[in-house]
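Enquirer: Build me a structure from this.
(one chain, ligands or ions: 2)
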Amino acid sequence: MAVVGIDSSTQSCKVLTVDDDTGRVLRAGQAPHPDGTEVDPEAWWRALADAGGTAGGAAAIGVGAQQHGMVALDDADRPVRPALLWNDVRSAPQAEALTEKYGADGWAASVGLVPVASYTVTKLAWLAEHEPAHAARVARVLLPHDWLTWRLRGGRGEPTTDRSDASGTGYFSAATGDYRHDLLTAALGHDAALPTVLAPAAVAGETADGALLAAGAGDNAAAALGLGLSPGQAVVSIGTSGAVFALAGSPVTDPTGAVASFADATGRFLPLSCTLNASRVLAATARMLGTDLAGLDALATSAAPDAGGLTLLPYLDGERTPNLPDATGSLLGLTRAAMTPENLARASVLGVLCGLADALDELRAHGAAIDTVLLIGGGSRSAAIRVAAPDVFGVPVLVPEPAEYVALGAARQAAWALSGAAEPPAWPRPDATRYEPAGAGWPAELRARYRAARHRLHER
Ligand SMILES: Nc1ncnc2c1ncn2[C@@H]1O[C@H](COP(=O)(O)OP(=O)(O)O)[C@@H](O)[C@H]1O
Ligand SMILES: O=C(CO)[C@@H](O)[C@H](O)COP(=O)(O)O
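Expert: Numbers count the residues shown, from 1 in each chain. Ligands and ions are numbered 1, 2, ... in the order given. This is a model prediction of the structure:
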């Protein structure tokens, strides 16, 4: 039977139709989302339809989507305003205020994260402070994947979510499985209805043509399911976000906020560290050099391994990890010899990878044993990224054949819900190309250079 997996991510909606028995992709569709950090949820619905996600004929559907988006609905279940997305940093002052109110230790202990602008709870606090009339009308708060699942059900019945996405809100604990309505109320100024948190293989409802709807998941948890992530592996996803995550059997507590204690989509945990700047740094640098992504790759791979000392701190949209919402990018080490298009291209690649290497170190510091990295996301299609990653990360990097692993994971979840089995279907893991560290000395010097630059420019 055919199942459908959806990835409604920041920049686009991807839809896969998959054979539920073999995991073979039968059809694929994609449609763009509007640019920007606030989006009318109807745009997600239109893109889903354009990508073939509402065509019908599937036995079951799973929805994966970008995490944290604030879909605030009134008592008629209409959005009170466009959804604020994970990469919108306007709620940074509210994040700081919430952290001050309850303490970083308090947040990390109670909901497994420390507020930064990305999380839903800070967006609700922003709404209460800056759009009080809208805040007063909020009767229910959903996440992007919740809202799409509910729309696919025709808006019938109580909306649902899953542990993985709920754990990114700031008012749900992956450790306890409970909502913290007190924290939501502290942010929004009043309580609101929240979606029922379903078990990993639960059925959320069905579409008008009888397709079962799975619980759905946050995009990174869906990717872990799509990859068949194993202990000892970490995923580095270079999409709009730079997400670094691994499977864990128990929650983590990080009062620094660098690692969030999210849940995965199988009943376990998914400690995760996320940078706001990832693939778009490469696109912006290519534009600055008057070339395209292929041209950037060619330039970067012909540069000196350490970019001739050129150092790009790529905080082009502010940054989430480290929590520098108001930061801008910095280009250091400018000498006449270093200032070449090749070195700038290479510096953009190294800047993205160093931020992700720091995130990997944070995961290790919180118990993740990482002996290989699975590199996915659009940015993993870059040859320059693939070749440099094992040196910068210090471990072998496996690049699975390019595919939409978030949507594949959502499809696997749909097949699981359809089967009613205790475990998800054992679909074959994707073939991967292995890239080994060259064992040179420059990566250690490079990482030290980035840390020194970040400390000098941004550490308070
Ligand atoms: N060959 C490539 N080199 C570098 N970046 C790439 C390449 N192909 C795609 N990308 C980038 O990948 C991003 C899309 O990746 P994706 O994982 O789909 O993002 P998201 O899931 O956040 O929407 C775009 O920013 C695009 O520029
Ligand atoms: O905020 C996070 C994870 O905490 C991001 O991973 C978002 O979920 C967006 O993902 P992409 O659009 O980059 O896939």
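Enquirer: When you work out contacts or count neighbours from here on, use the C-alpha atoms and nothing else.
Expert: OK.
Enquirer: Double-check Tyr108 against Thr253; I have them as touching.
Expert: No, residue 108 isn't Tyr; it's Ala. Yes: checked against CA atoms under 8 Å, the pair Ala108 and Thr253 is within contact range at 5.5 Å.
Enquirer: of those two, who's got more company?
Expert: Ala108 (25 against 20; other CA atoms under 10 Å).
Enquirer: give me the element the more buried one is part of.
Expert: helix 104-111 (DSSP states H and E).
Enquirer: Name the residues that touch that helix?
Expert: With contact meaning CA atoms under 8 Å, 6 or more residues apart in numbering, helix 104-111 is reached by 99, 113-115, 167, 170-175, 180, 253-257, 261.
Enquirer: What's the PyMOL syntax to select whichever of these are buried?
Expert: To isolate the buried members of these in PyMOL, using 16 or more other CA atoms under 10 Å:
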select buried, resi 99+113+114+115+167+170+171+172+173+174+175+253+254+255+257+261
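Enquirer: Out of the contacts of helix 104-111, which sit inside strands?
Expert: The members of those that map onto strands under DSSP state E are Ser261.
Enquirer: picking up where we left off before, how far out from the middle of the chain is the helix holding Ala108?
Expert: Relative to its parent chain, helix 104-111 has a centroid offset of 21 Å by CA atoms, centre = their mean, to the nearest Å.
Enquirer: For the helix or strand just after that helix, which residues meet the burial criterion?
Expert: Next along the chain after helix 104-111, taking DSSP H and E as the criterion, comes helix 120-130. Within helix 120-130, the residues that qualify as buried are 120-129, counting by 16+ other CA under 10 Å.
Enquirer: can you check stretch 295-310 too?
Expert: By neighbour count on 16+ other CA under 10 Å, the buried set for stretch 295-310 is 296-303, 305-310.
Enquirer: Touching it from outside, list them.
Expert: 282, 285-286, 289, 331-334, 337-339, 341-347, 349-350, 382-384, 442-443, 446.
Enquirer: Then stretch 33-47?
Expert: With contact meaning CA under 8 Å, 6+ apart, stretch 33-47 is reached by 8, 10-13, 30-32, 71, 79, 81-88, 144, 148.
Enquirer: Just the ones in helices from the residues you listed, please.
Expert: The helices, defined by DSSP state H, take in 144, 148 from the contacts of stretch 33-47.
Enquirer: ok, and which of the contacts of stretch 33-47 reach ligand 2?
Expert: Contacts with ligand 2 within these, counted by CA under 6 Å from any ligand atom: 10, 86.
Enquirer: Out of the contacts of stretch 33-47, which sit inside strands?
Expert: In strands, judged by DSSP E, the following of the contacts of stretch 33-47 are found: 8, 12-13, 30-32, 71, 83-84.
Enquirer: By neighbour count, which of the residues you listed wins?
Expert: Ser8 (30 neighbours).
Enquirer: Which strand residues bridge it?
Expert: Under DSSP bridges, the beta-bridge partners of Ser8 are Cys13, Ala65.
Enquirer: Now do it against Val203, distance only.
Expert: 19 Å (CA to CA, to the nearest Å).
Enquirer: go on, Ile6?
Expert: Computed as CA to CA, the Ile6 to Val203 distance reads 16 Å.
Enquirer: Kindly report the same for Ala95.
Expert: For Ala95, the distance to Val203 - CA to CA - is 34 Å.
Enquirer: picking up where we left off before, reformat the buried residues of stretch 295-310 as JSON lines; add distance to Pro396, secondary structure and pLDDT.
Expert: Below are these laid out as JSON lines (distance: CA to CA, whole Å; DSSP: H, G, I helix; E, B strand; the rest coil; pLDDT from 0 to 100):
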{"residue": "Leu296", "distance to Pro396": "24", "secondary structure": "helix", "pLDDT": "98"}
{"residue": "Asp297", "distance to Pro396": "21", "secondary structure": "helix", "pLDDT": "98"}
{"residue": "Ala298", "distance to Pro396": "23", "secondary structure": "helix", "pLDDT": "98"}
{"residue": "Leu299", "distance to Pro396": "24", "secondary structure": "helix", "pLDDT": "98"}
{"residue": "Ala300", "distance to Pro396": "20", "secondary structure": "helix", "pLDDT": "98"}
{"residue": "Thr301", "distance to Pro396": "19", "secondary structure": "helix", "pLDDT": "96"}
{"residue": "Ser302", "distance to Pro396": "22", "secondary structure": "coil", "pLDDT": "96"}
{"residue": "Ala303", "distance to Pro396": "22", "secondary structure": "coil", "pLDDT": "97"}
{"residue": "Pro305", "distance to Pro396": "17", "secondary structure": "coil", "pLDDT": "95"}
{"residue": "Asp306", "distance to Pro396": "19", "secondary structure": "coil", "pLDDT": "95"}
{"residue": "Ala307", "distance to Pro396": "22", "secondary structure": "helix", "pLDDT": "97"}
{"residue": "Gly308", "distance to Pro396": "24", "secondary structure": "helix", "pLDDT": "96"}
{"residue": "Gly309", "distance to Pro396": "24", "secondary structure": "helix", "pLDDT": "96"}
{"residue": "Leu310", "distance to Pro396": "25", "secondary structure": "coil", "pLDDT": "97"}
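Enquirer: what's near enough to touch Ser382?
Expert: Neighbour list for Ser382: 293-294, 297 [criterion: CA under 8 Å, 6+ apart].
Enquirer: Format the residues you listed as a markdown table; extra columns: distance to Leu276.
Expert: Rendered in a markdown table, the data for the contacts of Ser382 read as follows (distance: CA to CA, whole Å):
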| residue | distance to Leu276 |
| --- | --- |
| Leu293 | 19 |
| Ala294 | 23 |
| Asp297 | 21 |
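Enquirer: from these, which is closest to ligand 1?
Expert: Minimum distance to ligand 1 across the contacts of Ser382 is 5.2 Å, recorded for Leu293 (CA to the nearest ligand atom).
Enquirer: doesn't Ala286 make contact with that closest one?
Expert: Yes: counting by CA under 8 Å, Ala286 is a contact partner of Leu293 at 6.0 Å.
Enquirer: which one of these two has more residues nearby?
Expert: More crowded of Leu293 and Ala286, by other CA under 10 Å: Ala286, with 22 against 18.
Enquirer: Name the residues of the worst-scoring helix or strand of the chain on mean pLDDT that are buried.
Expert: Across the helices and strands of the chain, mean pLDDT, DSSP states H and E gives its lowest value to helix 442-458, namely a mean of 94. Buried residues in helix 442-458, counting neighbours by 16+ other CA under 10 Å, are found at 443, 446-447, 449-451, 453.
Enquirer: try stretch 263-276
Expert: Neighbour-count burial for stretch 263-276, counted by 16+ other CA under 10 Å, picks out 263-266, 268-276.
Enquirer: what does stretch 186-205 give?
Expert: For stretch 186-205, by 16+ other CA under 10 Å, it's 186-192, 194-205.
Enquirer: re earlier: tell me the one of the ones in strands among the contacts of stretch 33-47 nearest Gly228?
Expert: Ser8 (20.2 Å; CA to CA).
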